[in-house]
Structure formats: structure tokens, C-alpha cells
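# Would you be able to build a 3D model of this:
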Amino acid sequence: MTEHEQQLRIDLAACFRLFAKLGMHEAVANHFSAAVSEDGKQFLLNPKWVHFSRIKASDLVLLDFDKLPENLADKIDPTAWSIHGQIHLQRPDIKVVLHLHPVYATTISTLADPTILPIEQNTARYFNRVAVDTLYGGMADTLAEGKRLAGLLGNKSRLMMGNHGILVAGKKIGEAFDDMYTIERACQILVQAYATGRPIRVLADEVAEKTARDWEGISDFSQAHFEEMKTVLYQEDPSFAD
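Down below sits the predicted model:
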């Protein structure tokens, strides 16, 4: 195993543990993946139906499009293969894919208009930067569906999966982690603003755009957030790195 793969395993395992800690997991469902090879044909994925809070670096399954095992369905969830496999294959520029059904982002996904309105700093991070899927048709268990979702991303790195959940893609695990954390926080703020029943003050487009660009200029903030959270994990239970 290369040093690169080993570090990816540790960081991805940390992601699973952290989102379980944050209460953003869903039973033994949902999946994260990270490309090992530049062409995206080799990538790491969580094993089938293992709780996020127990996943270790050594548990992650290394998949290779050119050398698929015959018992693939025994090792990984078919929906994970359909979504993550196709995104990595169709979009080798994407190195990390996180898919969750967190409460607040999923709530926003059920609205007739699932736009994350820019009403403060967190929500403004996503101004005009989230692709939307409005064609939910059941569990995504076909390669055609995975390919369709990959195409929907376009030049964006977030996909609001209507009536389903949220998907975040990125270049680095730490950046994707912070993005998923913040998009759920943004949706929580928006849901609570809607719940007041009071008129909402939406930021002007130029302010929202400036704020989104400012967020894009501090990727080191996102990485620092992830590294700090990993430190917390190491102090509490370092078994994720095994």
C-alpha cells in the first residue's frame, strides 16, 4: 500500500467517525469515497452496511474498475457503486464524494424550491453554487442513474438531491468534510428561519456572490477545521486510523 492510499484511508475513516459524532449518519446507509488513482478507476469506499462510528482505515474497500471482484454486491452497497463509481469514472477531476441524508439538508431537498437562500454567511457560501436534481425515482441502483447524477453536477461541487439528500464533491477530503458540515449548518439556519413564519431578509446578489467568493478563497480554513476535528478523534478514540 502506498503512503498516499494509507493517508486517504485514515482521512476518509475520520470523516465517517466525525459525521457519526455529529449525528449526520443514517443507520448503516450512505457512502463516502476517495479516488486513489488519477483516472478515478481506483477508489476507496465504505464496506456494505457497517456503521459510520465503527469504520477503520483498514475496513475501506479498494475498488478497481478493471479488476472488479465477482462478489462485489457482498462487499459494497449497489447504490454506492452506482453513484460513486460513475462519478469517479465520469469525473476523474473529482477526488472525493460524500453523500448523506442529514436532517436539515434533506428537509430543504423536499421543498418545491430547494434553493439555499443566502440569508447569512453560511448560506451565502452556496449562492448559485449548488446543482439540483428534481427527478428522484427511487434508490439509485443503476449505472445509468449514477451517470445521470454525475452529469448533473456540471461545473459545481454540490448536488441537492431532490426528495433524497445532499452530495458534496471535492479535491481533498478535508475540504469536502468542511463543505458538508457547513451546507448542513446552512440548511439548519434556513429551516429555522422559515419556521419563524416571519419575513426573511435575503442578502443582495452582489453581497451573496462576494461572500461565496470569499469562502472559496479560504480553503485552508476548511482543511484546518478537518485537521482540528481529527485531533479530537485521536484524543478520544484513535482506532479509526487502524
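# can you map out the helices along this protein?
Using DSSP state H, the helices of the chain run over residues 3-21, 72-75, 78-80, 86-90, 103-109, 121-124, 143-153, 173-195, 205-216, 219-236.
# Show me the one of those that comes nearest G40.
G40 lies closest to helix 86-90 among the helices of the chain, at 3.7 Å (CB to CB). Quick note: C-beta positions are derived from backbone N, CA and C, even for glycine.
# Alpha carbons only: can I get the closest one in PDB?
Provided in PDB are the C-alpha atoms of helix 86-90 (Å, rounded to 0.1, in the frame of the first residue of the first chain):
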ATOM      1  CA  GLN A  86     -19.900   6.600 -12.000                       C
ATOM      2  CA  ILE A  87     -19.000  10.000 -10.600                       C
ATOM      3  CA  HIS A  88     -15.300   8.900 -10.200                       C
ATOM      4  CA  LEU A  89     -15.300   7.300 -13.700                       C
ATOM      5  CA  GLN A  90     -17.100  10.200 -15.500                       C
END
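# what sits up against it?
33, 35, 40-41, 43, 65, 94, 97, 143, 146-147, 149-151, 153, 169 (CB atoms under 8 Å, 6 or more residues apart in numbering).
# what's the answer for stretch 221-240, then?
So stretch 221-240 is in contact with 10-11, 13-14, 16-18, 21, 55-57, 172-175, 177-179, 181, 241, going by CB under 8 Å, 6+ apart.
# Only the buried residues of that stretch, if you could.
Residues of stretch 221-240 classed as buried under the neighbour-count rule (16 or more other CB atoms under 10 Å) are S222, Q223, H225, F226, M229, K230, L233, F240.
# now do stretch 164-181
For stretch 164-181, by 16+ other CB under 10 Å, it's 164-170, 172-181.
# try stretch 119-137
By 16+ other CB under 10 Å, the buried positions in stretch 119-137 come out as I119, N122, T123, A124, R125, Y126, F127, R129, V130, A131, V132, D133.
# same thing with stretch 74-94?
Applying 16+ other CB under 10 Å to stretch 74-94 flags 76-91, 94 as buried.
# so what's the most centrally placed residue in the chain bridging to?
The centre of the chain sits closest to L98, judged by CA atoms, centre = their mean, with a distance of 2.3 Å. For L98, the beta-bridge partners under DSSP bridges are F32, V168.
# Let me know whether it touches G174 as I believe.
No: counting by CB atoms under 8 Å, L98 stays clear of G174, with 11.5 Å between them.
# so how many other residues sit close to N71?
Per other CB atoms under 10 Å, the neighbour tally for N71 reads 7.
# Ignore what I typed, I meant Q192.
When counting by other CB under 10 Å, one arrives at 10 neighbours for Q192.
# What of H51?
Counted with other CB under 10 Å, the neighbours of H51 add up to 12.
# Then the one 4 residues further on?
The tally of other residues near I55 (other CB under 10 Å) stands at 22.
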